[in-house]
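> Need coordinates for the below:
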Amino acid sequence: MLVRRLGAPSDFDLLLDRVGDARVVMLGEASHGTHDYYRIREQLTRRLIAERGFSFVAVEGDWPDCERVNRSVTGAPRGAADPQAALERFERWPTWMWANAEVARFCRWLRAWNVERPESARAGFHGLDVYSLWESMQAIFDYLGEEDPRSLEAAQDAYRCFEPYGKRIEEYGMASRFVSARCEDEVVRLLARTREQAAHDGPDRFAAWQNAEVVAGAERYYRSMVGGGPQSWNIRDTHMADTLDRLLDRYGPDAKAVVWAHNTHIGDARATDMADAGLTNIGQLARERYGADAVVLIGFGSYAGSVVAAPRWGAAAESMTVPPARPGSVEHRLHELLPERALLVFDGPDQPDWVTGEADHRAIGVVYDPSFESWGNYVPTRLAQRYDGFVWCDRTTALHPLPAL
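Below is the predicted model of the structure:
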């Protein structure tokens, strides 16, 4: 194991050496509301794009929202001149995940980087997630209405099937227990039609195909939620992994991707108790699909500080105090062993017991209750198997959400 104190930009050289010729680098976070994680991911991603030729950033966000950001950062037609304007249009809760000052700063840098380069060499910004059923459906209507009106019937059939549930799409999952209420056939027809269109070149056609894949994934996701268990989680992460596959294919044989997502998605599930529960994630799937040598997984963590989160699903975001990590956890050990900021790279066969043995590793979601720390918010983890490297920030501060329009 190699350890480097973080202070200067050059301190990340150790990680770039570990990246080498990797095709995919995944940068995690222990919460969705910590300034320090986003800031360090920005710094790392800038170097990966500028020095190692990485082709795009793919995030744990919705495709339609991120497509507006992509148009802005690549200088595409109909793209906002300021990426922050695109970020401020994010409407799905929790908006602060991507509509924040830290992401706006990175996207402004990315746009400035891109406009100095030919279109074929510009780095994109894309969403991997599965939730945006209605937004993706609307995007398909908009595209077909302009490009292929004859295919509108397939989209209208799918829309009519979901229409009774309105924005309460979770209710579709309950209704889908009855075969007559399922929209699977309509979605399959829509997907087949847009796949035919995607055979022709062009970013708009590819975006329409991806939106149809989102509709298909969302239909499976909401239908699977009824049964509980691991299926809905696995459908979501498999969809994200499949989207990453399509993006790499789209960008060409030499394409390389940076992924931004929570530790629970990018850290290999097989090194946690997630595997015992039958759960997989994009970190595990990437290692299996591309090979461990082609994938670098970087986790993040902290001991104490503050975070933006909500006390319950759908509630307003607020800045909360993150209490000191509980004794025996990964974070408690690192607090005792490492300086304020450090980078760990798990390289070579001889690793200390405290990174190969199992310990609880904190995971803060968009819904967070600090008082629950005594018995929840932790994932049993073998750190050196879950990640290839780890960014340590002893004390962290809360993210800066953008004001809603």
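> Now do the strands in the stretch 201-350 of the chain.
With strands called from DSSP state E, counting those that start in this stretch, the stretch 201-350 of the chain shows them at 257-260, 295-309, 318-322, 341-345.
> quick one, what contacts the residue nearest to residue 219 when sequence neighbours are not counted?
Among residues not flanking residue 219 along the chain, residue 187 sits closest, at 4.8 Å (CB to CB, 6 or more residues apart in numbering). For every residue, glycine as well, the C-beta is placed using N, CA and C. Residues in contact with residue 187, defined by CB atoms under 8 Å, 6 or more residues apart in numbering, are 158, 161, 215-216, 219.
> contact partners of stretch 205-216?
For stretch 205-216, the external contacting residues (CB under 8 Å, 6+ apart) are 62-64, 67, 130, 132-133, 136-137, 139-140, 143-144, 147, 158, 187-188, 190-191, 193-195, 197-198, 239, 242-243, 246, 250.
> From those, list just the buried residues.
The neighbour-count test (16 or more other CB atoms under 10 Å) marks 62-64, 67, 130, 132-133, 136-137, 139-140, 143-144, 158, 187, 190-191, 193-194, 197-198, 239, 242-243, 250 as buried among the contacts of stretch 205-216.
> circling back to that earlier point, the contacts of stretch 205-216 in helices, which ones?
Using DSSP state H, 63-64, 67, 133, 136-137, 139-140, 143-144, 147, 158, 187-188, 190-191, 193-195, 197-198, 239, 242-243, 246, 250 are the members of the contacts of stretch 205-216 that sit in helices.
> on that earlier part again, what's the most distant pair in the contacts of residue 187?
Within the contacts of residue 187, 161 and 216 form the most distant pair, 12.6 Å apart (CB to CB).
> neighbour count winner among these two?
residue 216 (22 against 19; other CB atoms under 10 Å).
> quick one: the more buried one from residue 75, how far?
Plainly put, residue 216 is 31 Å away from residue 75 if you go by CB to CB, to the nearest Å.
> okay, which residue is most central for this structure?
For the chain, residue 60 is the residue whose C-alpha lies nearest the centre (CA atoms, centre = their mean; 2.1 Å).
> list the contacts for that residue?
The contact partners of residue 60, by CB under 8 Å, 6+ apart, come to 97, 127-129, 240, 260-262, 265.
> swap in residue 53?
Residues counted as contacts of residue 53 (CB under 8 Å, 6+ apart) are 254, 256.
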